[in-house]
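Peer 1: next comes the sequence, and after it the predicted model I'd like to discuss.
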Amino acid sequence: MDFIAQSFRVATALILSGDRDVMSAVATSLNVALWSVLFASVAGIPIGAAVALGRFPMKGTVRLALNSLMAMPTVVIGLLVYTFLSRQGPLGSMGLLFSPAAIVIGQTILATPVIANYTLTAMQGADKGILPTARTLGAGNAQSLLQLAREVRFALVAAIVAGFGRVVSEVGVAMMLGGNIRFYTRTMTTAIALETSKGDFAFGLALGLILMAVAFAVNAVLTVAQESSRA
Amino acid sequence: MSLAKYRLSDVRSSYGAILGVAVDELTIAAGGLYVLVGPNGSGKSTLLDILAFLNKPEQGVIAFDGAPVNWTRKECASLRKRVTLLHQHPYLFSGSVARNVAFGLSVRGAGKEDTQAVVSESLERVGLAGFESRTARKLSGGESRRVALARALACNPEVLLLDEPLAHVDRSSAAIVESLVVSLVSGGMTIVLSSHDERLGRRLGAEVIYLEDGKLAAAPEQLSSVPFACGTGGGHAHS
């Protein structure tokens, strides 16, 4: 018990002192996660909406593929992107491997099916009267879809939060495509894995606490925003 | 003689193997008031959806203001700015009553001041003056339907289609809706509404169109012997 208590004390001190390693990992994690979620939202929300509302052949297969991609192991996505970004790969000349950009690419692929699936569920579950009502009041297709998005905005925010949760907590993509380079591509999760394996349990614990605090803060902000817009 | 707002020829629409509506000939005169009467499943809502340019019929020709409708996406969007349908169970968007009533105006790019004035006027017409800031989803059933009617009126459509506007509505709300319908028609608006109540057509002085199993039907004997009070329609239906 002493060991755990001591680790908590050291972890608290690391956080309060603004330890450079800790802060760098936090900043890198948030930076790549936010960019990844932004790109994944831009791709995932229209994909989810198209699958939910569109009529096209093999729609069931597309849904199955989206569901399967949600469960795709992070290391497999890391491996696939690695083959493209490695020197011998088709995009090797861009020199992106072991950079934050490489992590963003991998995490975008990771989060897109999550956001698409949540969007699909939200739009399929929305009241069937929304689109006809908007249309009969004179809204064009884009305006009607925008209105539908407004009506299910809380579910769309939940989709984005789920995507954020998926990327901010993953290790495989960040490790394989970022390379865990100190002050450059080291994220909270890769730092936790590394430092804990080296025996620096307090450092890992400090980052773990921050990771949980970030998740809590993001959800708290969104919950408050939802409640205030409902009022 | 009134000009034809709609002219339907050989219009058919179905849901798989089930016939939705089959109309050989139907003319809706501009500025007329029509009541579609028929039992559940007789095709009233399907016909209103077609008249609202929300659903394209599988076959047949519809002319609107004398021009045949081609059912292109762009044309339908343009026509829906002139025709508004109030559904049987109207959906109110989240947010305030004012935001709901202003929706049609905002998609038409109306200015803020004009919008506010039209919203207030529309709410007043349905007996809900001062309801602007109320939360739409917290209204009673009757109030919700009147907000939906105000939202349709705010668009100032040439044609107003009302699907069962008096179903599940209390007496006072029904009286407001009925007198509003009559006043809108005297102002030149074309109105087609559906109802189970065969007496509604006589009360409103409307042309009654009977539907049965998706097809136009002859008037039931007990009603056809009673002359309409003052027919404003002038439409002709042939099955």
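Peer 2: Sure, I can see it.
Peer 1: when you work out contacts or count neighbours from here on, use the C-alpha atoms and nothing else.
Peer 2: Fine.
Peer 1: residue contacts, the residue of chain A found nearest chain B?
Peer 2: Closest residue of chain A to chain B, CA to the nearest CA: residue A:138 (4.4 Å). Residues near residue A:138 by CA atoms under 8 Å, 6 or more residues apart in numbering or on different chains: B:77, B:78, B:80, B:81, B:82, B:84, B:104, B:107, B:108.
Peer 1: the fifth one - nearest residue in space that isn't next to it in sequence?
Peer 2: To tie it back to what came earlier, the one meant is residue B:82. In space, and not counting its chain neighbours, residue B:82 is closest to residue B:157: 4.9 Å by CA to CA, 6 or more residues apart in numbering or on different chains.
Peer 1: restricting to C-alpha, output stretch A:41-52 in CSV.
Peer 2: What follows is stretch A:41-52, C-alpha atoms only, in CSV (Å, rounded to 0.1, in the frame of the first residue of the first chain):
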residue,chain,number,x,y,z
SER,A,41,-15.9,13.9,-38.0
VAL,A,42,-15.6,15.6,-41.4
ALA,A,43,-15.4,12.1,-42.9
GLY,A,44,-17.5,10.0,-40.5
ILE,A,45,-20.6,12.2,-40.1
PRO,A,46,-21.4,12.4,-43.9
ILE,A,47,-20.6,8.7,-44.2
GLY,A,48,-23.0,7.8,-41.4
ALA,A,49,-25.7,10.2,-42.8
ALA,A,50,-25.3,8.7,-46.3
VAL,A,51,-25.7,5.1,-45.0
ALA,A,52,-28.6,6.0,-42.8
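Peer 1: contact partners of that stretch?
Peer 2: A:59, A:62-63, A:112-121, A:123-124, A:156, A:160.
Peer 1: neighbours of residue B:108, just the number please.
Peer 2: 15 (other CA atoms under 10 Å in any protein chain shown).
Peer 1: what about the residue nearest to it when sequence neighbours are not counted, which SS state?
Peer 2: In this structure, residue B:108 finds its nearest non-sequential neighbour in residue A:138, 7.3 Å apart by CA to CA, 6+ apart. Assigned with DSSP: H, G, I helix; E, B strand; the rest coil, residue A:138 falls in the coil class.
Peer 1: next: residue B:94.
Peer 2: coil.
Peer 1: also the one 4 residues further on?
Peer 2: Using three-state DSSP, the three-state assignment for residue B:98 comes out as helix.
Peer 1: go on, residue A:111?
Peer 2: Secondary structure of residue A:111, per three-state DSSP, is helix.
Peer 1: hey, which helix is longest across chain A?
Peer 2: In chain A, taking DSSP state H as the definition, the longest helix is helix A:20-53.
Peer 1: who in chain B is up against chain A?
Peer 2: B:52, B:54, B:77-78, B:80-87, B:90-91, B:93-95, B:103-104, B:107-108, B:152, B:155 (CA under 8 Å from any CA of the partner chain).
Peer 1: residue B:78 falls within a strand, correct?
Peer 2: No: Residue B:78 is assigned helix when assessed by three-state DSSP, not a strand.
Peer 1: output the below-cut-off pLDDT ranges for the chain.
Peer 2: All of this refers to chain A. A:1, A:228-231 (pLDDT under 70).
Peer 1: wait, chain B was what I had in mind.
Peer 2: Using pLDDT under 70, chain B drops low at B:1-2, B:221-239.
Peer 1: smallest gap between it and chain A, at which residue?
Peer 2: residue B:81 (4.4 Å).
Peer 1: tell me the secondary structure at that residue.
Peer 2: coil.
Peer 1: ok, it - contacts?
Peer 2: Contacts of residue B:81 by CA under 8 Å, 6+ apart are A:136, A:137, A:138, A:139, B:155, B:157.
Peer 1: buried ones among the residues you listed?
Peer 2: Burial by neighbour count, judged by 16 or more other CA atoms under 10 Å in any protein chain shown, picks out A:136, A:137, A:138, A:139, B:155, B:157 from the contacts of residue B:81.
Peer 1: let's have the residues you listed in CSV, adding distance to residue A:218.
Peer 2: Converted to CSV, the buried ones among the contacts of residue B:81 look like this (distance: CA to CA, whole Å):
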residue, distance to residue A:218
A:136, 38
A:137, 37
A:138, 37
A:139, 34
B:155, 41
B:157, 45
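Peer 1: tell me where chain B has helices.
Peer 2: According to DSSP H, the helices that chain B contains are B:44-51, B:73-79, B:97-107, B:112-125, B:141-154, B:171-186, B:198-204, B:221-224.
Peer 1: same check, this time on chain A
Peer 2: A:2-16, A:20-53, A:59-70, A:74-85, A:100-125, A:130-136, A:141-151, A:153-168, A:172-173, A:188-197, A:201-230.
Peer 1: could you list the buried residues of the third one?
Peer 2: The reference is to helix A:59-70. A:63, A:66, A:69, A:70.
Peer 1: same thing with the second one?
Peer 2: If you call a residue buried by 16+ other CA under 10 Å, then helix A:20-53 has these buried ones: A:21-30, A:32-41, A:43-45, A:47-52.
Peer 1: which residue is nearest the middle of chain B?
Peer 2: residue B:161 (1.0 Å; CA atoms, centre = their mean).
Peer 1: neighbours of the nearest residue to it once chain neighbours are set aside, how many?
Peer 2: In space, and not counting its chain neighbours, residue B:161 is closest to residue B:85: 4.5 Å by CA to CA, 6+ apart. When neighbours are defined as other CA under 10 Å, residue B:85 has 29 of them.
Peer 1: residues contacting residue B:85?
Peer 2: Residue B:85 touches A:136, A:137, B:48, B:49, B:52, B:152, B:160, B:161, B:162, B:163, counting by CA under 8 Å, 6+ apart.
Peer 1: among those, which one lies nearest to residue B:15?
Peer 2: When those are compared for distance to residue B:15 (CA to CA), residue B:49 comes out closest, at 13.3 Å.
Peer 1: I'm done for today, thanks for sticking with me.
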